[in-house]
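Novice: fold the following for me, if possible:
(one chain, ligands or ions: 2)
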Amino acid sequence: MTRFRTAALVGNPNAGKTALFNALTGARQKIANYPGVTVERKAGRMIMPDGQPIELIDLPGSYSLDAASPDEEVTRQVVQGEFPGEARPELLVIVLDAANLEQHLVFAQEIIALGVPTVVALNMVDLAERDGLTLDPAALSDALGVPVVPTIAVRKKGLDALAESMESASQQDLSTRHEVACLSMPEQRLAARNIAKAAILSESRERKLHANLDKVLLHPWLGPIILFALLFIVFQAVFAWADPLIGAIEGLAEGASALVTSSMGESFVRDFLTEGVIAGVGSVVVFLPQIIILFAFILVMEQSGYMARAAFIMDRLMAYVGLSGRSFIPLLSSFACAIPGIMATRSIADPKDRLTTILIAPLMTCSARLPVYTVIIAAVIPSNAVGPGIGLQGLVLFGLYIAGIIGAMLVALVLRRTATKGAASGFIMEMPKYQLPPLRDVLIGLWQRAWVFLRRAGTIIFAATVILWLLLTFPKAEPGESQLDASAAGHIASFMQPAFEPIGFQREMTLALVPAMAAREVAVASLATTYAVDSDDEAETENALRDQISARWSLPTALAFLAWFVFAPQCLSTIAVARRETNGWKWPMVMVGYLFALAYAFAGLTYWAAVGLGL
Ligand SMILES: Nc1nc2c(ncn2[C@@H]2O[C@H](COP(=O)(O)OP(=O)(O)OP(=O)(O)O)[C@@H](O)[C@H]2O)c(=O)[nH]1
Ligand SMILES: [Mg+2]
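Specialist: Ligands and ions are numbered 1, 2, ... in the order given. Here you go, the predicted structure:
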């Protein structure tokens, strides 16, 4: 005695509606593990327990009846009987994801309030169980006022019970329904939470802990504060923890230099080893501990499941500048290096979103900038504490990273209104589970980063330093003349100097910018080599670069150099990758142009502001 001829499956995206539809009708509609698979209505024939067929309709997933997208609009029209050429379904089957009851109950309540005979399929109970969640269908049924049947669509479990329940739904007494139509959205959410609570018999401690963690970490304003605080701690640690290790490696380098000096006679080779290899390349290698500490934090955040949450938090903030959370992971990778960052933008579907992300990726402070920042900060910023456990040096480093991020956001804002104009695309992402980061994975990740860094030191940085050392060493100075003035490099620097004089740069700084195009760290190697060649006294050669800078640079000059490196596109490989990923020279040229302009402007502003303040 089937009374119904039509029924429709409704529910949130990814609840398993289509899986259930296929199981009930024998159809083969596409199912997949992400929201938004079904985008139009599909009908099939379902045989009821009494042998009579009914028409079953599979609908696109939806979050509410206030349709936001075209597929949601289809769902709204069908359940409200407004779909052209189709009668309103006589029975609604709400499909709930048992593992995400609270979210799914919001829309379910809205459907129940329509006052149409309704049955609930409590789907994916297998996943809920795996997560340590035991549910009480009877309690849920009491709370909702409609029958609830547990199902596992993909294993065809609970289908008979569901069909029975659909058949007897004709006798449903609609007056026992709880009235929710008049509730506001926050009230509906609260009701959903209470109903979900009542239906949960037991929850494993782990699942509860994870849910509570998310409540705090994804909180609208606590979330961003925690993220910010975490990053702050990271940069404090980069300075505080690495310092002793850097000191130790520096000591080794000085020892090696002294050994070479004392064991070899004065010669070209000896100078090459002390001034080029040890002073130059060595000055970069000492920053290995900092790179490792920075990446230890990043890897732990990734492995623990926190990084996806950070992307979610950032999505809201990035929407203000016309970007989505999708850009977050590429931009985050750019903190290691802009090259993998720019390649990771391939996951961004919207071409304008993607182009914007490519153009701002070099503003994320890559690890190559860390040695430059560190050596200058250590030289000119006192290692005072500005608060309990807060060092001034770490604070300045944090500030430089933030300056890059703010710069990137402002540039994105401008780009999205001009060159890459268009609407921002939405972003929905399933959160991965929390876990203790597996030590092995973290160690492998660290080893890879360390290896990349050391390989750079041994190849590109070494090569650039050797070339520079040769240019600094020849032609040889006449007696009384300084070697820097006489050398080829000195002539190049003097030629460029007028352009950089106005922003407070000294000649050796200007000179350092040239080989630093190969890799930013070379700026450090270049300064170290220049000072080593320039000092006539051997003991001075062995001085740490930090001390040399401290003695030779004024504070405004040092700050200007830092500001330059926040923005300057000093990396040929990044430019090459941008060319490959945008298929042409136009956008890389735009990128290089605006970055150099910003670098020059900010270095100048910083210099003159510092001079004006009497620093
Ligand atoms: N373990 C388990 N997986 C399920 C169950 N039901 C569905 N799935 C899986 O959940 C995912 C989503 O299923 P779909 O049927 O595409 O979900 P949908 O509700 O139609 O999603 P939209 O079409 O996007 O609204 C697929 O990977 C299914 O294999 C279930 O009961 N248990
Ligand atoms: Mg579907």
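
Novice: got a pLDDT number for residue 33?
Specialist: Looking at residue 33, its pLDDT stands at 56.

Novice: how about residue 496?
Specialist: On the pLDDT scale, residue 496 is placed at 94.

Novice: please apply the same query to residue 610.
Specialist: Model confidence at residue 610 (pLDDT) stands at 95.

Novice: how near is it to residue 602?
Specialist: Between residue 610 and residue 602 the computed distance is 12 Å (C-beta to C-beta, to the nearest Å). Glycine gets a C-beta too; all of them are placed from N, C-alpha and C.

Novice: same check on residue 350?
Specialist: Distance from residue 350 to residue 602, counting by C-beta to C-beta: 30 Å.

Novice: try residue 386
Specialist: 24 Å.

Novice: just residue 590 next, same as before
Specialist: 18 Å.

Novice: ranges for the helices of the stretch 1-150 of the chain?
Specialist: Remark: helices assigned in the stretch 1-150 of the chain by DSSP state H, counting those that start in this stretch are 17-25, 70-79, 101-112, 125-130, 137-144.

Novice: re earlier: which one's more surrounded, residue 386 and residue 602?
Specialist: Taking neighbours as other C-beta atoms under 10 Å, residue 386 and residue 602 compare with residue 602 leading, 20 against 11.

Novice: the more buried one contacts residue 563, doesn't it?
Specialist: Yes - applying C-beta atoms under 8 Å as the test, residue 602 and residue 563 come out as touching, 4.5 Å apart.

Novice: which residues sit in contact with the nearest residue to residue 128 once chain neighbours are set aside?
Specialist: Leaving aside its sequence neighbours, residue 128 sits nearest to residue 98 (C-beta to C-beta, 6 or more residues apart in numbering; 3.9 Å). Taking C-beta atoms under 8 Å, 6 or more residues apart in numbering, we find residue 98 in contact with 122, 123, 124, 125, 127, 128, 133, 135, 150.

Novice: what distance do you get for residue 98 to residue 39?
Specialist: Applying C-beta to C-beta to residue 98 and residue 39 gives a distance of 24 Å.

Novice: and the next element down the chain from the biggest helix by length in the chain?
Specialist: Identified as the longest helix of the chain according to DSSP state H is helix 222-263. Next along the chain after helix 222-263, taking DSSP states H and E as the criterion, comes helix 268-271.

Novice: tell me where the model's unsure across this structure.
Specialist: 1-2, 30-37, 67-68, 171-183, 185, 424-431, 536-543 (pLDDT under 70).

Novice: strands along that one, start to end?
Specialist: Ranges of strands within the chain are 6-10, 42-47, 53-58, 91-97, 118-123, 133-135, 148-150, 200-203, 385-387, 390-391, based on DSSP state E.

Novice: ramachandran coordinates for residue 323?
Specialist: Phi and psi for residue 323, reported as degrees, to the nearest 10, are phi -120, psi 170.

Novice: residues touching it, list them.
Specialist: So residue 323 contacts 353, 356, 357, 412, 416, 424 (C-beta under 8 Å, 6+ apart).

Novice: flag every residue of the stretch 101-250 of the chain that's near ligand 1.
Specialist: 123, 124, 126, 127, 152, 153, 154 (C-beta under 6 Å from any ligand atom).

Novice: ranking these by neighbours, who comes first?
Specialist: residue 123 leads those on contacts (other C-beta under 10 Å) with 30 neighbours.

Novice: hang on, that residue packs against residue 15?
Specialist: Yes - counting by C-beta under 8 Å, residue 123 touches residue 15, with 6.1 Å between them.

Novice: shared neighbours, the two?
Specialist: Jointly contacting residue 123 and residue 15 under the rule C-beta under 8 Å, 6+ apart are 95, 96, 97.

Novice: among those residues, which are in reach of ligand 1?
Specialist: Applying C-beta under 6 Å from any ligand atom, the subset of the shared contacts of residue 123 and residue 15 adjacent to ligand 1 is empty.

Novice: quick check, the residue in the stretch 501-615 of the chain closest to ligand 2?
Specialist: Residue of the stretch 501-615 of the chain nearest ligand 2, by C-beta to the ion: residue 581 (33.9 Å).

Novice: how much space separates that residue from residue 570?
Specialist: When distance is defined by C-beta to C-beta, residue 581 is 19 Å away from residue 570.

Novice: more neighbours: which of these two?
Specialist: Comparing residue 581 with residue 570 by neighbour count (other C-beta under 10 Å), the higher total belongs to residue 570, at 28 against 18.

Novice: contacts for stretch 370-388?
Specialist: 238-239, 246, 283-284, 286-287, 290-291, 294, 365, 391-393, 395-397, 400, 520-521, 523-524, 527, 545-550, 553, 555, 558-559, 561-562, 565.

Novice: so how do I select the buried members of those residues in ChimeraX?
Specialist: The buried residues among the contacts of stretch 370-388 can be selected in ChimeraX (16 or more other C-beta atoms under 10 Å) with this line:
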select :238,239,246,283,284,286,287,290,291,294,365,391,392,393,395,396,397,400,520,521,523,524,527,545,546,548,549,553,558,559,561,562,565
